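J.: Model the following, please.
(2 chains)
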Amino acid sequence: MTEPKSLQDLPPDFVFDPARASKMMTRHGHGGWLGLTYHAHGPDWVELALPWREELIGVAETGVIASGPIISLMDNATSMSVWTLSGRFVPHATLDLRVDYMRAAVPGRTVIGHGECYKLTRTISFIRGIAHDGDPEDPVAHVIGTFMATHGAYL
Amino acid sequence: MNGTVLPPYATALGIDLDHDEDGNPVLFVDYSVRVAGRPGYLHGGAMSGLMEMAAIAALRAELDRRGEAMKLKPVNVQVEFMRGGTEQRTFAMGKVTRAGRRVALVNAECWQDDRSKPIALAQMKVLLSPAE
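T.: Have a look, this model is predicted:
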C-alpha cells in the first residue's frame, strides 16, 4: 500500500490508525526533530515515546530534559487520541494545554506520553494525559487541555 | 542585556536572543522544519517551548537585578493558543507578574509580524529555592 504524503491528503472515508499515522506524523517537522515514535494505543488513547538526547537538555548542569519537548510530546499524543476516538482525521488546533510538572524526568530515560481523549463534542475535544519515564504510577507530568476542529466535525 | 544563557534545547531548536525590552529578554526562533507542525503552521509545542524559555529568561533577569541566586523548578504552565503561527520568525517575551521568596508567577506572550496580535499566551509558575 502506498503511504499518503500527508494527513491532509487522506480520503474522507479513511479510518484513523494511530500506529500507521504516527509513522507519517513523527517523521516530519517538530515531532520528527524531537524523535517522537509510536509506542501503543487503545480505543481512546495513544502513547508516543520521546527518547532522551543531549540536544533536548533544559538544564545544562543536570542533563534534565527541557519542558518544551514534554509539551510537544503531550500535544501530539493527545491530538492523536482525539482522532483515534473519533475514528477519523479531523484537522484541528490546540486551544489550550496545561502541564503540571510533578518531577524532573531522569536523564537518559525515554519519556512515554500517554494521551487520552475523554470527551468529544462536534467541534471541541477534551483531553488529558500523563508523561512518565518508566513507571506510569510515578509520572513526570500531568496534562489537560482542549482542541477545536477547524474543518469538519469530530462526530 | 546580559546573563541570558539558553540551554541546549533552545539553541538546538534555533532559539536566540533578539533584544532586551525594559529588562525582559525578547527571544525568537526562525521558521524551519524543526518547529513545523501541521502543514504550513508552527507546532504548538515549539511555541510553548519558546514561551517557557522567555518566561525563565525574564525571571532570571529579575532575580539577577535583585542579586538573588536561585534555583528554578517549573511547577506548571498554562498555554492558550489564539492564532495559528505561520512560516515566519516568531518572538516571545516573558514578564514577571510576581516573584516572592518561594514561588514566581511569570506571563509570556508569543507573536509574529504583528506585535499587537499575539498568537499565544503562557502563564508559568516556578518554585524558587536558594542556590547552594
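J.: And the strands in chain A, which stretches?
T.: Secondary structure of chain A (DSSP state E): strands at A:37-41, A:45-50, A:57-59, A:64-65, A:92-101, A:111-120, A:124-132, A:141-149.
J.: what does chain B give?
T.: B:15-21, B:24-29, B:70-81, B:90-99, B:103-111, B:120-130.
J.: Please identify the deepest-packed of the ones you listed.
T.: Across the strands of chain B, averaging neighbours per residue (mean count of other Cβ atoms under 10 Å in any protein chain shown) puts strand B:24-29 on top, at a mean of 23. Yep, even glycine has a C-beta here, placed from its N, CA and C like the rest.
J.: Tell me which residues are up against it.
T.: The contact list for strand B:24-29 (Cβ atoms under 8 Å, 6 or more residues apart in numbering or on different chains) reads B:1, B:4, B:6, B:10, B:13-20, B:35, B:46, B:50, B:53-54, B:57-58, B:61, B:89-95.
J.: ok, and of the residues you listed, which contact chain A?
T.: Among the contacts of strand B:24-29, the residues within reach of chain A (Cβ under 8 Å from any Cβ of the partner chain) are B:10, B:13, B:35, B:46, B:50, B:53.
J.: Any of the residues you listed buried? List them.
T.: Buried subset of those (neighbour count, 16 or more other Cβ atoms under 10 Å in any protein chain shown): B:10, B:13, B:35, B:46, B:50, B:53.
J.: can you redo the residues you listed as JSON lines with pLDDT and distance to A:Ile127?
T.: Listed next are those as JSON lines, based on pLDDT from 0 to 100; distance: Cβ to Cβ, whole Å:
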{"residue": "B:Ala10", "pLDDT": "96", "distance to A:Ile127": "27"}
{"residue": "B:Leu13", "pLDDT": "95", "distance to A:Ile127": "24"}
{"residue": "B:Val35", "pLDDT": "96", "distance to A:Ile127": "22"}
{"residue": "B:Ala46", "pLDDT": "96", "distance to A:Ile127": "19"}
{"residue": "B:Leu50", "pLDDT": "97", "distance to A:Ile127": "22"}
{"residue": "B:Met53", "pLDDT": "96", "distance to A:Ile127": "24"}
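J.: Without its sequence neighbours, what residue ends up closest to residue 126?
T.: The chain I'm using is chain A. Ranked by Cβ to Cβ, 6 or more residues apart in numbering or on different chains and with sequence neighbours excluded, the top spatial neighbour of A:Phe126 is A:Lys119, at 4.1 Å.
J.: sorry, should have said chain B
T.: That would be B:Ala104: by Cβ to Cβ, 6+ apart, it lies 4.7 Å from B:Val126.
J.: That neighbour touches B:Gln123, doesn't it?
T.: No. Between B:Ala104 and B:Gln123 there is no contact under Cβ atoms under 8 Å: 11.3 Å.
J.: ok, back up a step: which members of the buried ones among the ones next to chain A among the contacts of strand B:24-29 are the farthest-apart pair?
T.: B:Val35 and B:Met53 (12.6 Å; Cβ to Cβ).
J.: shared neighbours of these two, anything?
T.: With the criterion set as Cβ under 8 Å, 6+ apart, the contacts of B:Val35 and B:Met53 do not overlap.
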